[in-house]
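build me a structure from this.
(2 chains)
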Protein chains: 2
Amino acid sequence: MSKHRVVVVGGGFGGLQTVHGLKGADADITLIDRRNHHLFQPLLYQVATTVLATSEIAWPIRRLFRDRRDVTTVLDEVLGIDKGAKTVKLASGRMVPYDTLVLATGARHAYFGRDEWESVAPGLKTLEDATTLRRRILLAFERAEMAEKTSELDSELTFAIIGAGPTGVEMAGMIAELANKVLPKEFRKIDTTRTRVMLIEAGPRVLPAFTEDLSAYTKTALEKLGVEVHTGKPVIAITEEGVTVGDAFIPCKTVIWAAGVQASPAARWIGASADRAGRAVVGPDLSVPEQPEIFVIGDTALVSQDDGKPVPGIAPAAKQQGEYVSKVIKTRLAGKPVPAAFHYRHQGSLATIGKRAAVIDFGKFKLTGGLAWWIWGLAHIYFLIGTRSRAAVAWSWLWIYLSGQHSARLITQKETLKDES
Amino acid sequence: MSKHRVVVVGGGFGGLQTVHGLKGADADITLIDRRNHHLFQPLLYQVATTVLATSEIAWPIRRLFRDRRDVTTVLDEVLGIDKGAKTVKLASGRMVPYDTLVLATGARHAYFGRDEWESVAPGLKTLEDATTLRRRILLAFERAEMAEKTSELDSELTFAIIGAGPTGVEMAGMIAELANKVLPKEFRKIDTTRTRVMLIEAGPRVLPAFTEDLSAYTKTALEKLGVEVHTGKPVIAITEEGVTVGDAFIPCKTVIWAAGVQASPAARWIGASADRAGRAVVGPDLSVPEQPEIFVIGDTALVSQDDGKPVPGIAPAAKQQGEYVSKVIKTRLAGKPVPAAFHYRHQGSLATIGKRAAVIDFGKFKLTGGLAWWIWGLAHIYFLIGTRSRAAVAWSWLWIYLSGQHSARLITQKETLKDES
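Okay, here's the model as predicted:
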């Protein structure tokens, strides 16, 4: 008899953890992703802000499972799922059969119905997003250096970050560091310390998932770095000329979107009910109601905590879900009783502010400032996969810390300034 | 009175050396490049073959001259030169005036009038070229893993490198290492050690600029790595289906061009006479005949050695020319007698074969094998600009040497397999 076939779609934190957890399960595992690499998304903002190189936060998925003969890695894109035939349809035209299916396809940034904003206000989810933002940020300073009118200069040196969750806070802090610490001596005509970095949040405070005192600390720390924090005002319009916040128009050439996410189309593929953000509703064992052989996990699943709130879309949650689902599959295969319902353990919330401060909320205790930054750094290095990257990132950070320099300041993909219209 | 204005076009080895040499010259220096980074081209093949990350071999030009207040860096593309008005016309529309002009604009790969080959057989001159080749090489293995027909499989696992100069030899050796050492355990359906790597050279031997015994050693060393060396046969045709060498058609999906270069249009900008490869003919002091205020150096200049042969288009030659031209400019500015004619000192030729061997020709003595590889590696680390990159490259190489792994194995820029048509 052939082995039980588990197909995992998505090589993010949830998908990888599922495959890791299935080690020894005597199953035939296929891991499908449209990219050849796993991306350590929590550090993506550091690529966008020239601190880390792309290959420091991404690893070939094949390499991660080279010693797992039970795992086949497939580089392809899922177009749909045939629940009747139990097959996954791929862009290459192939159909991959499954006995158990795990969908861990993540989320993408969303523009709340204003899709026309995407081209002027790119978000940050893939390596290409990060190199695109890096190029845009660096080119803004280059164009400012060439500007002939004051109005042009001002709008080139104004950066607006929409959304003050961890990514928005991190981007704002790092752009301010870049402008105030890294670049000043390199330009001859402009004073990069005159750069305006605006963090714009529709809600009442920055880092809404954190406690109010940590939000307040973060706002003050950002302001010390030179970031203007604007809360309580929604963005009304974004164009190539600037952003309209409330009833004020701010001329601004670089806008970065960190405001919302939309789940992958996984719910649609399987005809499952979904919430407004597209997340598939799953049962207590993370399988889809009436489709016990299909699991949905991570950012593309709507899972409730004990208090009724949804589990947050962060890496540790996806990993816990992947770990749990691998256990459910293993116990089912062994014919044993299924484990108790999935229970999310919140380990803490972390966010960095520039290169010297961070906020950490472990629930029982909270931490801010320099020590929090070091804990954040060590935690991220620890969770990076692969010894080499761990050392490479540690080395990059140590270098930046000691020298005040950023090394990955490359404008790539486009040949010349004029291509960037 | 305003200072003497020196405009240097090109931030490669020649241009940077000119600017370095002009330190203290009491001139107003403008360095123009269409890219924001200096590229350490001799190691570009290592990015293309997944060994090094892009930011390990490229540095922002601005950063290199941040402490030189006499140097202004301009990111822009040169469209032409008005010799009468003594201005450089830029793509942004600006005109930059000069008193002395140094053109160090390098070369691009050339297809000997077969420009239609460029899309199927990309060359290796820019960072984007390197990431494009990296993507193509990695995707060939991915498509092979999915191939359903043997013929498809064979043509995906065949790589043809056209031209057996140092770049061709280095690419062939590294692709063979990738296929035979790095990838085998990661694929489930294909045996990557069955990969055919063909190095195709129209001339009679590999590394024609080296002595015959070093060529013979290199051929044997490549064959030991599994590379098929084909010499004495020109490439007749290249299509998406394969290459025609002599009268044999070889089905092959990945073709890499390492066969020829064409100088930048610098000679055309200034109406100077040029050779077939577009290199501007310069006088003994590297200035253009009858235009003493314009110098042309590096790969875009045709400079004769004592024996009448042209100075080779390699980094040390460009650096020597940049150093020389900076001296000529300095002595002219000081009103002193102009130095003697430029004299090229050939310091040696180096090429690596895979990850364990190299050939070195220092003229007086020659070296092959493992020791040559270490000397090559140390020499390249030594010549890398910037302490951090030196350490980062040393670290990457040491890691690869000890672990047998490559870490920069990223397929980027294109979203999915199907985009790669």
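
now the helices: where do they sit in chain A?
For chain A, the helices defined by DSSP state H cover A:13-21, A:44-48, A:61-64, A:127-146, A:150-156, A:166-177, A:212-224, A:266-270, A:315-333, A:370-383, A:387-403.

residue contacts, the nearest residue to residue A:43 once chain neighbours are set aside?
Leaving aside its sequence neighbours, residue A:43 sits nearest to residue A:57 (CB to CB, 6 or more residues apart in numbering or on different chains; 4.7 Å). Placement of C-beta: from N, CA and C, glycine included. Each residue near residue A:57 by CB atoms under 8 Å, 6 or more residues apart in numbering or on different chains is listed here: A:39, A:40, A:43, A:44, A:46, A:47, A:384, A:389, A:393.

before we move on, what about residue A:392?
A:56, B:392, B:395, B:396, B:407.

which of the residues you listed has the weakest pLDDT?
Across the contacts of residue A:392, the smallest pLDDT goes to residue B:407, namely 63.

count the neighbours of the nearest residue to residue A:320 once chain neighbours are set aside for me.
Leaving aside its chain neighbours, residue A:320 sits nearest to residue A:344 (6.2 Å; criterion: CB to CB, 6+ apart). Residue A:344 has 18 neighbouring residues, counting by other CB atoms under 10 Å in any protein chain shown.

from memory residue A:344 sits against residue A:303, does it?
Yes. Assessed by CB atoms under 8 Å, residue A:344 is found in contact with residue A:303 at 7.0 Å.

residues that sit against both of the two, list them.
Common contact partners of residue A:344 and residue A:303 (CB under 8 Å, 6+ apart): A:311, A:317.

show the contacting residues for the closest residue to residue A:110 other than its chain neighbours.
With sequence-adjacent residues excluded and distances taken as CB to CB, 6+ apart, residue A:110 is closest to residue A:262, at 3.3 Å. Residues counted as contacts of residue A:262 (CB under 8 Å, 6+ apart) are A:107, A:108, A:109, A:110, A:277, A:278.

quick revisit: between the contacts of residue A:392, which is nearest residue A:360?
The shortest approach to residue A:360 among the contacts of residue A:392 belongs to residue A:56, at 23.0 Å (CB to CB).

got the contact list for that closest one?
Residue A:56 is in contact with A:43, A:47, A:389, A:392, A:393, A:396, B:53, counting by CB under 8 Å, 6+ apart.

least confident of those?
residue A:389 (72).

wait, isn't that residue in contact with residue A:64?
No. The pair residue A:389 and residue A:64 does not pass the contact test of CB under 8 Å, sitting 11.4 Å apart.

of the contacts of residue A:56, buried ones?
A:43, A:47, A:389, A:392, A:393, A:396, B:53 (16 or more other CB atoms under 10 Å in any protein chain shown).

just flag the most distant two among those.
A:43 and B:53 (14.5 Å).

among the contacts of residue A:392, which one lies nearest to residue B:95?
residue B:392 (39.4 Å).

gap between the closest one and residue B:340?
40 Å (CB to CB, to the nearest Å).

sorry, back to before: adding distance to residue A:114, write the contacts of residue A:392 out as JSON lines.
Listed next are the contacts of residue A:392 as JSON lines, based on distance: CB to CB, whole Å:
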{"residue": "A:56", "distance to residue A:114": "33"}
{"residue": "B:392", "distance to residue A:114": "41"}
{"residue": "B:395", "distance to residue A:114": "45"}
{"residue": "B:396", "distance to residue A:114": "43"}
{"residue": "B:407", "distance to residue A:114": "39"}
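
ok, the closest residue in space to residue A:173 that isn't next to it in sequence - how many residues close by?
Nearest-residue entry for residue A:173: residue A:354, 3.9 Å, with adjacent residues in sequence omitted and distances by CB to CB, 6+ apart. Counted with other CB under 10 Å, the neighbours of residue A:354 add up to 24.
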